[in-house]
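In: build the 3D model from these lines:
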Amino acid sequence: MEKASDSREIALRVEKIPKLVMKMSLPAIVAMIVMSIYNIVDALFMGMLGTEALGAATVGYPFFMILTALGLMFGMGGASYQSRLLGEQKMDMAEKTVATVFISGAILGLVATLLTVPFSGRIAILFGANDQLFSASKDYIMVLSMGAVFPILSMCANNLLRAEGSALYSLVGMGIGTIINIALDPLLMFTFQMGVKGAALATVISQAVGMVLLFSFYFRKKTLVAFHLKQFHPNLNMYAQILKVGGAAFLQQLLVTITMALMNTRAGVLGGAAMGAALIAAIGAVNRISMLGYSVMMGFGQGLQPVIGYNFGANQPIRVRKAIDFAFLVTTAFGVILAVVSFTASMELAGLFSSSMDVLNPAAMGIKLLTISWPFTGFFFVTQVLFQALGRPKQAVALASARQVFVILFSYVLSLPFGIDGFMGALSAGMLSATILAVVLYIPYHRELANIVKQKNAEIVKESRTTLSID
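Out: Numbers count the residues shown, from 1 in each chain. You can find the predicted model right below:
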């Protein structure tokens, strides 16, 4: 146990940056890809039930995003704080952070169930369900509400495990849970004829299994930072440290949810009575394809976060700069690959979700328009992760808010002169605008980091000269 713990911490401190970042990122990337594939497979099964079921899942998905947002609020905030504490060699405080995150997340999950189950119908309407989609959307959201605690705690454990260097444990919990979800979907939806309710129940069961697996590493003492109930001593300072970063993560996810709801509503208006459900299904398909690409970059960022956080806490600015530069290079190259795929295979990707031309044509257009923003998307996500890891809430909140606000704005502005095609291009236009803001926010920090690195190099030279003179 002790040897494994030491090796994780030593790796964060001294291992070569490209190797370390890839080692930390690959499990997170695989887990995020598996989750995104699940979202696509889930939509594929929904499409087999019909356009109404696919539209209901599109309406219900923002609600699930709210639950994950609550988990991210404590999980990502706690992970950022934990990484810095480990870099400062404050193990006792790191353990108190873990206890605070888990117990607070459990309480939040139970409260969420009590507050949302009675209002599932109203939530469905709020997220864009029209008369055609109301009944199925309500059923979908109600089942998810009953299991709210599971995705919240899974997200908490997932982020904390990655932050301490246990990325492989995170992959095991999330990966197995997602595979179970994929297996349960057709069984519950078709074999047991539960339809949309079956899809939601499969999600709840898989999240519960994933949560148990993630927590098992703590209970079996496989983690670097232990979880003990007796370490739960909540105080305002600890919550402030967690929430100043976690609040930005929550806001980002909340705005994603609001964006999805408003786009569903806008799609219903643009499509009218005849094509409203089909256009909602189409924007849902584009969202799932975009999330597949975003998931790789977000997974890379999740692996990058503990590297930056630990080395920032350990006063190793040269390693921080190397990690940032490497991340920009890798994510930009991946974005170019995505652009080529989106442009050349837009119709084939859209065809995964539906054979109806009412869904297929606008979805293919939305996927093709993603080509414009893919090469720049990595810069946005890396910059966002950087500010989260450094515990800089103002910049993190600004970026968390910007992309969603821009997407909402463009979904209305572009649809006025260009109709449905303009509406389908809102995701790409929003990302481009948010990336420009990321550049503006990053430039001052880049200069600051360059000065810190210069001072650090000067200290190294001075120390080496002192050593030589003593010898």
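
In: how close does Leu437 get to Val382?
Out: Distance, Leu437 to Val382, by Cβ to Cβ, to the nearest Å: 14 Å. Every residue, glycine included, has its C-beta placed from N, CA and C.

In: so which of those two has more stuff around it?
Out: Val382 (26 against 18; other Cβ atoms under 10 Å).

In: contact partners for that one?
Out: 297, 300-301, 304, 324, 327-328, 331 (Cβ atoms under 8 Å, 6 or more residues apart in numbering).

In: same list (those) but as a markdown table, adding pLDDT, neighbour count and secondary structure.
Out: Below are the contacts of Val382 laid out as a markdown table (pLDDT from 0 to 100; neighbours: other Cβ atoms under 10 Å; DSSP: H, G, I helix; E, B strand; the rest coil):
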| residue | pLDDT | neighbour count | secondary structure |
| --- | --- | --- | --- |
| Met297 | 91 | 26 | helix |
| Phe300 | 88 | 26 | helix |
| Gly301 | 83 | 27 | helix |
| Leu304 | 89 | 28 | helix |
| Ile324 | 94 | 24 | helix |
| Ala327 | 93 | 27 | helix |
| Phe328 | 94 | 16 | helix |
| Thr331 | 95 | 22 | helix |
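
In: what's the farthest-apart pair in the residues you listed?
Out: Spatially, the most separated pair among the contacts of Val382 is Met297 and Ile324, at 14.2 Å (Cβ to Cβ).

In: which stretches of the stretch 351-471 of the chain aren't confidently modelled?
Out: 465, 467-471 (pLDDT under 70).

In: mind listing the helices in it by residue range?
Out: For the stretch 351-471 of the chain, the helices defined by DSSP state H, counting those that start in this stretch occupy 357-369, 374-390, 393-413, 415-424, 426-470.

In: same check on the stretch 201-350 of the chain?
Out: 236-313, 317-344, 346-350.

In: what's the angle between the first one and helix 393-413?
Out: Just to be clear, that refers to helix 236-313. 90 degrees (axes from the mean of the first three to the mean of the last three Cα atoms, to 10 degrees).

In: right, and Tyr169 touches Leu214 too?
Out: Yes - Tyr169 lies in contact with Leu214 (Cβ atoms under 8 Å); the separation is 7.2 Å.

In: list residues touching both of these two?
Out: With Cβ under 8 Å, 6+ apart, Tyr169 and Leu214 have common neighbours Leu161.

In: in terms of neighbours, single out the busier of the two.
Out: Leu214 (25 against 22).

In: from Met155, how far out is that one?
Out: 10 Å.

In: tell me the most buried of the helices of the stretch 201-350 of the chain?
Out: Among the helices of the stretch 201-350 of the chain, helix 236-313 has the highest mean neighbour count (mean count of other Cβ atoms under 10 Å), at a mean of 23.

In: where does the chain have low pLDDT?
Out: Checking the chain against pLDDT under 70 turns up 1-6, 465, 467-471.

In: residue nearest the centroid of it?
Out: Met298 (6.0 Å; Cα atoms, centre = their mean).

In: contact partners for that residue?
Out: Contacts of Met298 by Cβ under 8 Å, 6+ apart are 32, 381.

In: swap in 10 Å and give it another go.
Out: 28-29, 32, 36, 291, 381, 384-385 (Cβ atoms under 10 Å, 6 or more residues apart in numbering).

In: who wins for neighbours among those residues?
Out: Ala28 (28 neighbours).

In: my guess is that one contacts Asn158, does it?
Out: Yes - applying Cβ atoms under 10 Å, one finds Ala28 in contact with Asn158, separated by 8.6 Å.

In: can you check which residues contact both of those two?
Out: Common neighbours of Ala28 and Asn158 (Cβ under 10 Å, 6+ apart) are 167, 170-171, 174, 302.

In: with the residues you listed in mind, which one is nearest to His228?
Out: Using Cβ to Cβ, Ser170 comes nearest to His228 of the shared contacts of Ala28 and Asn158, at 20.4 Å.

In: give the closest residue to the closest one in space, chain neighbours not counted.
Out: Leu161 (4.4 Å; Cβ to Cβ, 6 or more residues apart in numbering).

In: and Phe215, by the same measure?
Out: Phe215 sits nearest to Ala157 (Cβ to Cβ, 6+ apart), 6.0 Å away.

In: quick one: contacts for Leu187?
Out: 194, 198, 202.

In: please apply the same query to Thr344.
Out: Taking Cβ under 10 Å, 6+ apart, one finds 368, 371 in contact with Thr344.

In: the chain should start at 5 in everything you say after this.
Out: With the count now opening at 5, the last piece we talked about shows up as Thr348.

In: what helix or strand does the residue nearest to Ala152 when sequence neighbours are not counted sit in?
Out: Ranked by Cβ to Cβ, 6+ apart and with sequence neighbours excluded, the top spatial neighbour of Ala152 is Ala116, at 4.1 Å. Assigned by DSSP states H and E, Ala116 belongs to helix 95-120.
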